[in-house]
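S.K.: Predicted model and sequence below, questions to follow.
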Amino acid sequence: MNYEIVFGERALDRIPDTTPLDVIDCLDSHLRKLADDPTKLGRRACFPFPPKGQMYNFRCNSNGKRYYFVAFFYFGEDERTLCVYKVTHSVDERRR
């Protein structure tokens, strides 16, 4: 089942404006994969993460840097939407 992704008001606040476009494209691609099969890709969020919903970890590579992401989400009441309420990231700048 393909879910529609709905972002919370400040879901992407932690993604800097300076993030390379190819990384943003990769982020979008992974969120689309999540929408295709959230029960397979997601796992329950537990301490030290927010207790609400599930989380999905993934990474993207660009210009010798590796970007690690965690998308926090829950299923909408209509059972057709995924509500992404926060996306965090970190960067490993060592060459890969």
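M.R.: Perfect, I can see it now. Numbering: from 1, shown residues only.
S.K.: So for this protein, which residue is the most central one in space?
M.R.: Centroid-nearest residue in the chain: Ala71, 2.9 Å away (criterion: CA atoms, centre = their mean).
S.K.: Val23: which element?
M.R.: Element membership of Val23, judged by DSSP states H and E, is helix 21-36.
S.K.: Next: Tyr56.
M.R.: Counting by DSSP H and E, the element that carries Tyr56 is strand 54-62.
S.K.: thinking again about what came up before, the helix holding Val23: what's the following helix or strand?
M.R.: Using DSSP H and E, the helix or strand that follows helix 21-36 towards the C-terminus is helix 38-41.
S.K.: name the helices or strands packed onto the next helix or strand after that next one?
M.R.: Following the chain from helix 38-41 toward its C-terminal end, the next helix or strand by DSSP H and E is strand 43-44. Where contact means 3 or more CB pairs under 8 Å, 6 or more residues apart in numbering; DSSP states H and E, strand 43-44 is packed against strand 54-62. Yep, even glycine has a C-beta here, placed from its N, CA and C like the rest.
S.K.: run the last query once more with 6 Å
M.R.: If you count contacts as 3 or more CB pairs under 6 Å, 6 or more residues apart in numbering; DSSP states H and E, strand 43-44 packs onto no helix or strand.
S.K.: Now tell me what touches it from outside.
M.R.: Applying CB atoms under 6 Å, 6 or more residues apart in numbering, the contact partners of strand 43-44 are Gln54.
S.K.: go on, stretch 68-75?
M.R.: 45, 50, 53-59, 82-90.
S.K.: returning to what we had before: what would the helix holding Val23 look like as CSV? C-alpha coordinates only.
M.R.: Taking Å, rounded to 0.1, in the frame of the first residue of the first chain, the C-alpha atoms of helix 21-36 are listed here in CSV:
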residue,chain,number,x,y,z
LEU,A,21,20.6,19.1,-3.9
ASP,A,22,21.6,15.5,-4.6
VAL,A,23,21.3,14.7,-0.8
ILE,A,24,17.8,16.4,-0.8
ASP,A,25,16.9,14.2,-3.8
CYS,A,26,18.2,11.1,-1.9
LEU,A,27,16.1,12.1,1.1
ASP,A,28,13.0,12.4,-1.0
SER,A,29,13.7,9.1,-2.6
HIS,A,30,14.0,7.3,0.8
LEU,A,31,10.8,8.9,2.1
ARG,A,32,9.0,7.7,-1.0
LYS,A,33,10.4,4.2,-0.3
LEU,A,34,9.1,4.5,3.3
ALA,A,35,5.6,5.5,1.9
ASP,A,36,5.6,2.3,-0.1
